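In: My questions concern the predicted model and sequence given below.
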Amino acid sequence: MSFVLAVALAQASLPFDMLPLGASPTEQIDPCPYFDQAKGPGTTRPVTSSDLVELADIGRWDPSDPISPFGISPDGKQIAFVLRRANPAANGYCQRLMVMPLDAAKAPVERDRGGSLIRESYPLRNFTAIAAGWPQVIKPRWSPDGKTIAYIKRTGGTAQVWLVDAAGQEPPRQATLMPDDVEDLAWAKDGAALIVATRPALREEVDEIAREAHQGYLFDERFAPDMGDQPLPTRPHPLELTRWNIGDGTKRTAAPDEVALITPTRPGAVPSEARMFTVGPKGVAAWTQAVDPSKVLSPVELVLADGTGRRISCDERLCTRVAQLWWADDGHTLFGVVRGGWARSRTSVIAWRLGQKAPRVVLETDDMLIGCDKSGRELICAREGSTTPRRMVAINPVSGKERLIYNPNPQFGTRLRLGTVQRFHFRNAYGVECFADLVLPPGHRKGERHPLVVVQYNSVGFLRGGTGDVFPIQVLAGRGFAVLSFSRPDFLPAAKQGAAEIDVMREERKDWIDRRSTQSALEMAVQKAIDTGTVDPQRMGISGFSDGSSTVQWALINSRLFKVAAMGTCCEGPDSYPLSAGPSFQNQGREIGYRFFEPDADAFWKPMSMVANVDKIEAPILVQSSDSEYEGGLDVEAAFRLRHKPFELYVLPGEGHVKWQPAHRLAMYDRAVEWFEFWLMGRMTCAPAKAAQFDRWRKMRGAPANPVCGPSPLPDP
């Protein structure tokens, strides 16, 4: 992980809505009725910003997340899942608990709806509970008798367990009343109680911080100024497991066998250094472990061990990045999902039958398989490809055959025209495997050359808006751009020798080698796009978010490829970490070689600092930043403003690093598209609501002399 990304991830917010979220008055509008309205087939047209914002999602947005969002009934005949759609007008999410037969004989039916978005919480550095900008995966759980579904929903203060009648005969009801958010759940084996996981220690530390306010806070390593004006939790917050009796609402501490329902104990056959493990019905254990435990980025091998102590391992490239493992019901075959191939851009399903020396590949694809779960003889997965949004499929792990269970976004591929995608494979100047995807406008004709926009910094799964979901790829393509979805290169060989994460980050900082490696890959990808004859090399722009923003910085300072830029965060520089990110990240920065206020700091930052290089940069820059981190780019904004260079900064309230509010995502999409259209096409949206924006832009240095009115944004579908 790059240092800028590590800092940015911490720039989220306090956990569990401890801080005001900048809510708009429209948040009280029910977001679901809009989606209840039947929509006709309509005419085939390009993708709009609303189409992307309102995509139906199952599970987390991240297409590499292995956590399953699917609840499969005990008889294996039905599946339950939470379907989530963003409504920008309500600035909220329509969330529905859906149930349908696994054989897809009937369409899904709604069994419950409502609740506010539950954002995932995770530890980072010394901060132990950071609220993410992405949703927590909510997996419904069926009662042992298959009649009731339990799932987590937030209505009001805390997230609690709700019970839903699977047949829809009884109304949903709240089952638990814990003082803390319920983060996970399981049914007791007798079906009379729920086992729930909470973190009381987190609430206790938050309460202590609140009491400390009366005396004032000591500014120490608990602070990250751009996350707020108070300390953040830093103590461990272990999960506590409670048995909640459904009948009378009494509770007690969960017994060891009940704890194991949520946090399985490690079998004796599995070594302590194992990372992922599973034990089959015949007692054969399988796990992954580092080939070289002395290296934090060591390749991983897959190991099988039977009851006699005999072990066999697969250390081929096929087995170095296992995401999930299952045993067949008969215990004779181990199945797995693996991320591999060129630059780890492909997904495979593998099968390893006992007695065989190594697994065989059952299925291999450029698509992503997400959150797979086993049901009988099938794997139930979410699958998405570069031009196909997430859908639910069943895969036979023996034959590799697939069948569709449910497509929540049928309009893509029928009513909506998407650009075609071409993938490039190459090695950069440092020998690192790289890839990128070139998306051409729908209806592209041979001989046409289009302005190019680069979107970063991962290019897997459905090409929606790049990392952070800020720059809408298919919307740009629909407006006439070629889009290069660029995936940044992996770690350099020298960095992979590090014994700890700090060693890796230190190696990546030497002479800015990581940034040079990324720039090399970017230049090669752009050249490959130009070589197709579909790109106008005189009209190219670049966008980026988080680590991708650093790539934009480096490219603007150290090359002349791009005429215009847009960023979702700004900027990595000598002042942003010590003044905005706080003591913890400042100290870590020094550990890995960054210089801040030392005498040699100016020389260190010369290749990277936007302020130090402001006179070299002529590209107009748009920044759309959250209110939790915009301060980190104020020195850059002031330097550009002083020199009358085109630079526009938007601040989005109530956001963390990854923006989660639907209204903001729609605004960011539209503004980014309009920015690139204005500077690369000389086109503007001549709608009254946009008049002030384009009046500002037309007055900027280097603006098109006579911009023309382009097509207005298309109406919502």
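Out: That came through fine. Note that the structure is a prediction, hence the values are computed from the model and not measured.

In: Report the mean confidence score over stretch 330-347.
Out: Averaged over stretch 330-347, pLDDT sits at 91.

In: Quick check: end-to-end length of that stretch?
Out: One end of stretch 330-347 sits 25 Å from the other (CA to CA, to the nearest Å).

In: in that stretch, what counts as buried?
Out: Neighbour counts over stretch 330-347 (16 or more other CB atoms under 10 Å) mark 333-341, 343-347 as buried. Using the backbone N, CA and C atoms, a C-beta is placed for each residue, glycine as well.

In: could you pull out the helices for the stretch 551-700 of the chain?
Out: Using DSSP state H, counting those that start in this stretch, the helices of the stretch 551-700 of the chain run over 576, 583-591, 601-605, 634-642, 662-681, 691-698.

In: Out of the ones you listed, flag the one nearest P653.
Out: Nearest to P653 among these is helix 662-681 (8.5 Å), distances taken as CB to CB.

In: and the closest one, average pLDDT?
Out: 97.

In: repeat for stretch 385-399
Out: Stretch 385-399 comes out at a mean pLDDT of 95.

In: ditto for stretch 213-230
Out: 88.

In: is it true that I592 touches A500?
Out: No - shown here, I592 and A500 do not form a contact pair, counting by CB atoms under 8 Å, at 11.1 Å.

In: Tell me which of these two has more neighbours.
Out: I592 (18 against 11; other CB atoms under 10 Å).

In: which residues sit in contact with that one?
Out: I592 is in contact with 3, 502, 505-506, 508-509, counting by CB atoms under 8 Å, 6 or more residues apart in numbering.

In: And those, which of them are buried?
Out: Among the contacts of I592, those classed as buried by 16+ other CB under 10 Å are 3, 505-506, 508-509.

In: Which of the residues you listed fall in helices?
Out: In helices, judged by DSSP state H, the following of these are found: 3, 505-506, 508-509.

In: ok, R403 - how many residues close by?
Out: 11.

In: My assumption is that it lies in a strand; please confirm.
Out: Yes - R403 sits within a strand when classified using DSSP: H, G, I helix; E, B strand; the rest coil.

In: if I look at it, how far off is I395?
Out: Separation of R403 from I395 (CB to CB, to the nearest Å): 8 Å.

In: for P493, same thing?
Out: 35 Å.

In: Counting neighbours, go ahead and name the busier of the two.
Out: I395 (22 against 11).

In: From R383, how far off is that one?
Out: If you go by CB to CB, the gap between I395 and R383 works out to 8 Å.

In: Identify the contacts common to those two.
Out: Shared contacts of I395 and R383 (CB under 8 Å, 6+ apart): 369, 402.

In: quick one: which of the buried residues of stretch 330-347 is nearest K77?
Out: F335 (21.2 Å).

In: follow-up on the earlier one: quick one: which of the helices of the stretch 551-700 of the chain is nearest A525?
Out: Of the helices of the stretch 551-700 of the chain, nearest to A525 by CB to CB is helix 662-681, at 18.0 Å.

In: re the thing from before, so of the buried residues of stretch 330-347, which ones are in strands?
Out: Mapping these onto strands (DSSP state E) picks out 333-340, 346-347.

In: will you turn those into CSV that also has distance to R696?
Out: Converted to CSV, these look like this (distance: CB to CB, whole Å):
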residue, distance to R696
T333, 63
L334, 60
F335, 57
G336, 54
V337, 49
V338, 50
R339, 44
G340, 48
R346, 45
T347, 45
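
In: can you tell me which two in these are farthest apart?
Out: The widest separation within those (CB to CB) is 21.9 Å, between T333 and R346.

In: isn't A612 right up against F604?
Out: No - using CB under 8 Å, A612 makes no contact with F604, being 10.4 Å away.

In: What count of nearby residues applies to G283?
Out: 12.

In: How is it classified with respect to secondary structure?
Out: Applying three-state DSSP: G283 is coil.

In: which residues of this protein score low on pLDDT?
Out: Where the chain drops to pLDDT under 70, the residues are 1-28, 38-42, 307, 711-717.

In: Pop the domain breakdown of it in here.
Out: Domain segmentation of the chain under automatic domain parsing yields 1-38+56-267, 270-408, 416-682.

In: Format the helices of the stretch 551-700 of the chain as TSV; extra columns: distance to Y93 and mean neighbour count.
Out: Shown next, in TSV, are those (distance: least, CB to CB, whole Å; neighbours: other CB atoms under 10 Å):
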stretch	distance to Y93	mean neighbour count
helix 576	32	26
helix 583-591	31	18
helix 601-605	41	15
helix 634-642	32	18
helix 662-681	7	23
helix 691-698	28	14
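
In: Which one, of those helices, ends up nearest to R96?
Out: Using CB to CB, the nearest of the helices of the stretch 551-700 of the chain to R96 is helix 662-681, at 15.9 Å.

In: With only the CA atoms kept, save the closest one in CSV.
Out: Taking Å, rounded to 0.1, in the frame of the first residue of the first chain, the C-alpha atoms of helix 662-681 are listed here in CSV:
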residue,chain,number,x,y,z
PRO,A,662,-25.6,9.4,-3.8
ALA,A,663,-26.3,13.1,-4.5
HIS,A,664,-22.5,13.8,-4.3
ARG,A,665,-21.7,10.9,-6.6
LEU,A,666,-24.1,12.1,-9.3
ALA,A,667,-22.7,15.7,-9.0
MET,A,668,-19.1,14.4,-9.2
TYR,A,669,-19.9,12.3,-12.3
ASP,A,670,-21.6,15.2,-14.2
ARG,A,671,-19.0,17.8,-13.2
ALA,A,672,-16.1,15.6,-14.3
VAL,A,673,-17.7,14.8,-17.7
GLU,A,674,-18.4,18.5,-18.2
TRP,A,675,-14.9,19.5,-17.3
PHE,A,676,-13.3,17.2,-19.8
GLU,A,677,-15.8,18.1,-22.5
PHE,A,678,-15.1,21.8,-22.0
TRP,A,679,-11.3,21.6,-22.2
LEU,A,680,-10.9,18.7,-24.7
MET,A,681,-14.0,19.2,-27.0
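
In: What angle do helix 691-698 and it make with each other?
Out: Interaxial angle, helix 662-681 versus helix 691-698 (axes from the mean of the first three to the mean of the last three CA atoms, to 10 degrees): 40 degrees.

In: count of residues packed around G216?
Out: 7.

In: mind checking how far it is from L579?
Out: 20 Å.

In: Next: V453.
Out: To L579, V453 is 32 Å away according to CB to CB.

In: Pick out whichever of those two has more residues nearby.
Out: V453 (31 against 17).

In: host element of the more buried one?
Out: Element membership for V453, per DSSP states H and E: strand 450-455.

In: repeat for L476
Out: Residue-wise, L476 maps onto helix 473-478 under DSSP H and E.

In: Go ahead and name everything in contact with that helix.
Out: 46-49, 51-52, 387, 417-419, 439-442, 453, 455, 463-466, 483, 485, 669, 673, 676.

In: Out of these, list just those in helices.
Out: 49, 51-52, 669, 673, 676.

In: Dump the residues you listed to JSON lines, plus distance to D229.
Out: Shown next, in JSON lines, are these (distance: CB to CB, whole Å):
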{"residue": "S49", "distance to D229": "34"}
{"residue": "D51", "distance to D229": "39"}
{"residue": "L52", "distance to D229": "35"}
{"residue": "Y669", "distance to D229": "31"}
{"residue": "V673", "distance to D229": "35"}
{"residue": "F676", "distance to D229": "36"}
